[in-house]
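In: output the structure for:
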Amino acid sequence: MPRARKHLVCLDTTPYYHVVSRCVRRAFLCGEDRVTGISFEHRRDWIEDRVRLLSSIFCVKIAAYAIMSNHYHLVVKLVPDRTTNWSDDEVLDRWAALYRGPLLMQRYLMGDTLSEVEQDSLASIAKVFRKRLTSLSWFMKCLNEPIARQANREDECTGHFWEARFYSQALTSDRALIAAMAYVDLNPVRAGIAKSPERSEFTSLRARLRQGATGAHSTPRQARLLLPFADGAAAETLPIVQQDYLQLVDIAGRATLSGKAGRISRRLQPILERLGLSQNEWVESATRFKGAVRKGDLQVAKSA
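Out: As a prediction, the model looks like this:
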């Protein structure tokens, strides 16, 4: 029997979740329909643009993503504590970037003077919206509904575009988080539509590598929404350095999985060599990752 979403998403257990949304009625989210020859590639930009917008409004950060032909994956981190620093005005402004809101809210944002009773009502409205801006369910609702409307309008049809609501999986450890990220970034390789993860379009790994190639001052917009690795200067980072993660993805991608046609060819050089990253650069980066412990070929931070 399906469990309520509030029992599946519990911040007392973990802030990280792997989320999947899949199209219904064999609809194409992206890619090219081989039967009709119609290309839906532009819809990948819809997803990236919408995720980037929502991550700037909600208390949700993105660790990884992959946009496939009829579904997409996200690995997200919920950070509800961010709302404690938001005033009611900021909460209302953030919500107004997505919805018009009730008439009282519209009047206030337009500069109308409210009575004391109306101010109390507005405070209650802000409290509701503050809670919604920390909700994974509301984040996914605000992501999927506009995409469905755009796709149905383009397809000149009505009805459901997404299969059910969305699938969510709690990631209760650093190892689970990093494994989920690697799984997501390897999706195009496993599907046989890319030969290597660095050539996989519309994935977080590809966006991160493009970010490194273009430099910090010309960061691709897709990479700006991503949580940085532990070798970065940001205050909040993922529990692994980038070179370790690249090696993990490369090793995992070479393994043959039952039911999956694609894998990284064993003839390819290791990923650090393919990307032109020297061993010295990798060692220097890895030694800056304090508090790490060696677990096989994967270096992850100790759990609190």
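
In: every contact and neighbour count from this point should use C-alpha atoms.
Out: OK.

In: what about Ser121, how many neighbours?
Out: 15 (other CA atoms under 10 Å).

In: swap that for Phe58, sorry
Out: When neighbours are defined as other CA under 10 Å, Phe58 has 25 of them.

In: how near is the residue nearest to it when sequence neighbours are not counted to Leu209?
Out: Nearest non-adjacent residue to Phe58, counting by CA to CA, 6 or more residues apart in numbering: Leu133, 4.8 Å away. Distance of Leu133 to Leu209, computed by CA to CA, to the nearest Å: 30 Å.

In: got the domain ranges for the chain?
Out: 15-171, 172-304 (automatic domain parsing).

In: what average pLDDT does the first one get?
Out: Right, the one you point to is domain 15-171. In this model, domain 15-171 has a mean pLDDT of 89.

In: now do that domain: distance to the chain's middle.
Out: Put simply, domain 15-171 sits 12 Å off its chain's centre (CA atoms, centre = their mean, to the nearest Å).

In: span of it from start to end?
Out: 8 Å.

In: equivalent analysis for stretch 155-172, please.
Out: Termini of stretch 155-172 sit 39 Å apart (CA to CA).

In: what does that stretch rub up against?
Out: Stretch 155-172 is contacted by residues 8-9, 13-25, 27, 140, 144, 148, 151-152, 177, 180 when judged by CA atoms under 8 Å, 6 or more residues apart in numbering.

In: show me what counts as buried in the helix or strand where Arg206 lies.
Out: Assigned by DSSP states H and E, Arg206 belongs to helix 204-214. Buried residues in helix 204-214, counting neighbours by 16 or more other CA atoms under 10 Å, are found at 204-211.

In: ok, now stretch 189-204?
Out: So for stretch 189-204, counting by 16+ other CA under 10 Å, buried means 189-190, 194-198, 200-204.

In: tally up the residues packed near Leu74, please.
Out: For Leu74, the tally of surrounding residues (other CA under 10 Å) stands at 24.

In: where does it land in three-state SS?
Out: What DSSP: H, G, I helix; E, B strand; the rest coil gives for Leu74 is strand.

In: distance-wise, check it relative to Ser196.
Out: Distance, Leu74 to Ser196, using CA to CA: 20 Å.

In: same check, this time on Ile251
Out: Using CA to CA, we find Ile251 at a distance of 11 Å from Ser196.

In: check Ala170 too.
Out: 27 Å.

In: nearest spatial neighbour of Ser265, chain-adjacent residues omitted?
Out: Using CA to CA, 6+ apart, the closest residue to Ser265 is Arg254 (6.3 Å).

In: what is the burial count for the one you found?
Out: There are 18 residues near Arg254, going by other CA under 10 Å.

In: what of Met110?
Out: Number of residues near Met110 (other CA under 10 Å) recorded here: 9.

In: and of the buried residues of stretch 189-204, the nearest to Glu236?
Out: Using CA to CA, Ser204 is the member of the buried residues of stretch 189-204 that lies nearest Glu236, at 17.4 Å.

In: against which helices or strands is the helix holding Arg206 packed?
Out: strand 60-67, helix 221-224 (3 or more CA pairs under 8 Å, 6 or more residues apart in numbering; DSSP states H and E).

In: again, only this time at 6 Å
Out: In terms of contacts (3 or more CA pairs under 6 Å, 6 or more residues apart in numbering; DSSP states H and E), helix 204-214 is packed against helix 221-224.

In: show me where this protein has strands.
Out: Secondary structure of the chain, counting by DSSP state E: strands at 16-22, 60-67, 71-78, 167-170, 292-295, 298-301.

In: between the longest helix along the chain and strand 60-67, how many degrees?
Out: Identified as the longest helix of the chain according to DSSP state H is helix 136-155. Inter-element angle recorded for helix 136-155 and strand 60-67: 40 degrees (by axes from the mean of the first three to the mean of the last three CA atoms, to 10 degrees).

In: the inter-axis angle of helix 136-155 versus strand 71-78?
Out: Going by the same axes, to 10 degrees, helix 136-155 makes 150 degrees with strand 71-78.

In: list the buried ones in helix 136-155?
Out: Residues of helix 136-155 classed as buried: 136-137, 139-140, 142-144, 147-149, 151-152 (neighbour count, 16+ other CA under 10 Å).

In: angle of it against strand 16-22?
Out: Using the same axes, to 10 degrees, the direction of helix 136-155 lies 20 degrees away from that of strand 16-22.

In: now Val60: closest residue in space that isn't a chain neighbour?
Out: Val60's closest residue in space is Leu78 (CA to CA, 6+ apart), at 4.7 Å.

In: and that neighbour, how far from Cys59?
Out: Look at Leu78 and Cys59: by CA to CA, they are 6 Å apart.

In: helices along the stretch 151-300 of the chain, start to end?
Out: For the stretch 151-300 of the chain, applying DSSP state H, counting those that start in this stretch gives helices covering 174-185, 187-190, 204-214, 221-224, 242-254, 271-274, 279-287.
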